[in-house]
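make a model of this:
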Amino acid sequence: MADTLTITDNRTGKKYEIPIQDHTIRAIDLRQIKVNPDEFGMMTYDPAFTNTAACRSRITFIDGDRGVLMYRGYPIEQLAEHSDFLETAYLLLFGELPTTSQLDQWTADITQHTMLHENIKKFLEGFRYDAHPMGMFLSSVGALSTFYPDAKNIHDPASRRLQTIRLIAKVPSIAAYVFRHTIGRPYVLPDNELSFTGNFLNMLFRMSEPRYKVHPVLERALDVLFILHADHEQNCSTHAMRGIGSSHADPYSSLAGAAAALYGPLHGGANEAVLRMLTEIGSVQNVPAFIKRVKAGEGVRLMGFGHRVYKSYDPRATIIKRIADLVFEVTGRNPLLNIALELERIALSDDYFVSRKLYPNVDFYSGLIYQAMAFPVAIFPVLFAIPRTAGWIAQWEEMLTDPEQKIARPRQIYAGPPRRDYVGRDKRK
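Residues are numbered from 1 along each chain as shown. Predicted coordinates for the structure are as follows:
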C-alpha cells in the first residue's frame, strides 16, 4: 500500500488521499481541499517556515535531536580533523572530496583570483572609518556584479564556475581590506605563496615586515572555524540566497543579500552577544547571580546556549572548545574564558537549562577565539560570511539546477479590511 495521508474535511465530510514522500506531503496537494469550487483551496500557515521544506537538498544534513551535522554525508567532526577549508568548499560545491590533482587545480584557481580590482579600493575608501565592517563587506560584494557583467549568464555552467572561484577567492580580500580600512592602515596585497587562511591573516595583520610569518596554530584554528561555518542547511541567510537567486539575479547580488541577512544580530551577530554577556557578568563570582536572574526572567538571556535546530549539544561547539584551548596557548588565556567555563558548568548541571535543552552552541566559544586572535567584535559577522560563501554558492547552484524550483513567492493570509470605497478628504472622519 502506498504511503498516503487521509484527510477528512469536517466542513464537507469529504475525504482526501494525500501522497507521502520522505515523511512529507506537498503543500500544493492541499489546494484540492475546498468547500466551494471557486475557492482558492487549502493552504498551510507556517510563520518563519519552522515546519516547511522549501527544497530538496543534497548538501547538508542536520539531525538536531542527535547533534549530527554532515556535509555531503561526511560528519563535521571528521572534516574538522582531517580536511582544510578549500577541500571542504570543493566538497560542498561539487558533491565529492577532490582527488589530489583536482584539489591542486582548485587551489591554484582560487589563488589566481584573490586580487581585487583597484576601483574596489576606491569604493571602500568612500566609507567613513567608523562604518560597520559588515555594511562595507556586503556593499563591496554587491558592487562586484558591476565589475563582472558576465555573471548574469547564470545558465552557463562555465560562467557559474568562474563566478564561484572569484567569490571564494575575493571575499577574504574584501574582508581584509574592510578590516584595514577600519583601523586606518594601508591595504595589504594577497600573498599567493600562503594558504587560504594564511594569506587572509597576512592581509589582515602584516605590518612593515618583508614577509608575514603565519603562526601554524592560528592558521589551522581559522581553517577549522571556516570549515565549521561553511554551511548550515536552510538558515535565514541561505534562504535569502536561494530566494534572491530564484529571480535569476547574478550570484554577487544574491550573495550580498545573503550577507545582509547574516548581518542581523539574531544570525551572524550571536557570538558578539555572547562576549557582551560575559563582559557584563564581569567575574566568575557573579555567575550564580546571573543564572538566577536568567531563571527568574529578569530581562537577561543566556546567550550562546540553545539552537533553533539542535536539541542536544551542538557538534560544532565540541570541536571549537578544543580549538579554543590550542589558540589560548598561543595568544594567552582570554580573561572571559573562566566566566564562560563556569557558566557552562552550571548550565549543564541545572535541570532548568537541561530540561529546556539549552546546550552550548558554536557561538559560545567562537567569539572568544576571534577576540584572542585580535579581531574587533564588529568584524565577527564578516568572518562568518567568508566561509559561508561556499555554502551559499552551493545552495544557489543547487536551486538553479533543480527543475522543481521557481521564483520564490510565498502565500499570505489576508487579515486587512474588506473592500471599501474611496472617501474624499473633506468627508473623512
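
what is the longest helix anywhere in the chain packed up against?
Assignment by DSSP state H gives helix 157-183 as the longest helix of the chain. Counting contacts by 3 or more CB pairs under 8 Å, 6 or more residues apart in numbering; DSSP states H and E, helix 157-183 is packed against helix 100-111, helix 118-125, helix 133-147, helix 196-205, helix 251-263, helix 380-400. To be clear about C-beta, it is placed using only N, CA and C from the backbone, and glycine gets the same treatment.

redo that, cut-off 6 Å
Helices and strands touching helix 157-183, by 3 or more CB pairs under 6 Å, 6 or more residues apart in numbering; DSSP states H and E, are helix 100-111, helix 133-147, helix 196-205, helix 380-400.

pLDDT of it, averaged?
Averaging pLDDT along helix 157-183 gives 97.

picking that back up, most packed of the helices and strands packed on helix 157-183?
Most buried of those, by mean neighbour count (mean count of other CB atoms under 10 Å): helix 380-400, with a mean of 25.

how's this protein carved up into domains?
75-265+377-400, 270-372 (automatic domain parsing).

distance between the ends of the longest one?
Counting by CA to CA, to the nearest Å, you get 26 Å between the two ends of domain 75-265+377-400.

closest to residue 166 out of the helices and strands packed on helix 157-183?
helix 133-147 (7.5 Å; CB to CB).

one step back: any buried residues in the longest helix of the chain, and which?
159-160, 162-182 (16 or more other CB atoms under 10 Å).

ok, stretch 61-74 next?
Taking 16+ other CB under 10 Å as the criterion, stretch 61-74 shows 62, 64, 67, 69-72, 74 as buried.

run the chain-centre distance for that stretch.
16 Å (CA atoms, centre = their mean, to the nearest Å).

what lies in contact with it?
For stretch 61-74, the surrounding residues in contact (CB atoms under 6 Å, 6 or more residues apart in numbering) are 60, 76, 91-92, 95, 233, 309-313, 315.

ok, back up a step: which one of the helices and strands packed on helix 157-183 lies closest to residue 238?
Nearest to residue 238, of those and by CB to CB, is helix 380-400 at 5.2 Å.

what about that closest one, average pLDDT?
pLDDT averaged over helix 380-400 gives 97.

show me what it is packed against.
helix 85-94, helix 133-147, helix 157-183, helix 236-245, helix 251-263.

and those: which comes nearest residue 324?
helix 85-94 (18.2 Å).

with just CA atoms, put that closest one into PDB.
C-alpha atoms of helix 85-94 as PDB (Å, rounded to 0.1, in the frame of the first residue of the first chain):
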ATOM      1  CA  PHE A  85      38.700  24.800   4.200                       C
ATOM      2  CA  LEU A  86      39.300  24.800   0.400                       C
ATOM      3  CA  GLU A  87      38.900  21.000   0.300                       C
ATOM      4  CA  THR A  88      35.600  21.300   2.300                       C
ATOM      5  CA  ALA A  89      34.400  24.100   0.000                       C
ATOM      6  CA  TYR A  90      35.100  21.800  -3.000                       C
ATOM      7  CA  LEU A  91      33.100  19.100  -1.300                       C
ATOM      8  CA  LEU A  92      30.100  21.400  -0.700                       C
ATOM      9  CA  LEU A  93      30.200  22.800  -4.200                       C
ATOM     10  CA  PHE A  94      30.800  19.600  -6.300                       C
END
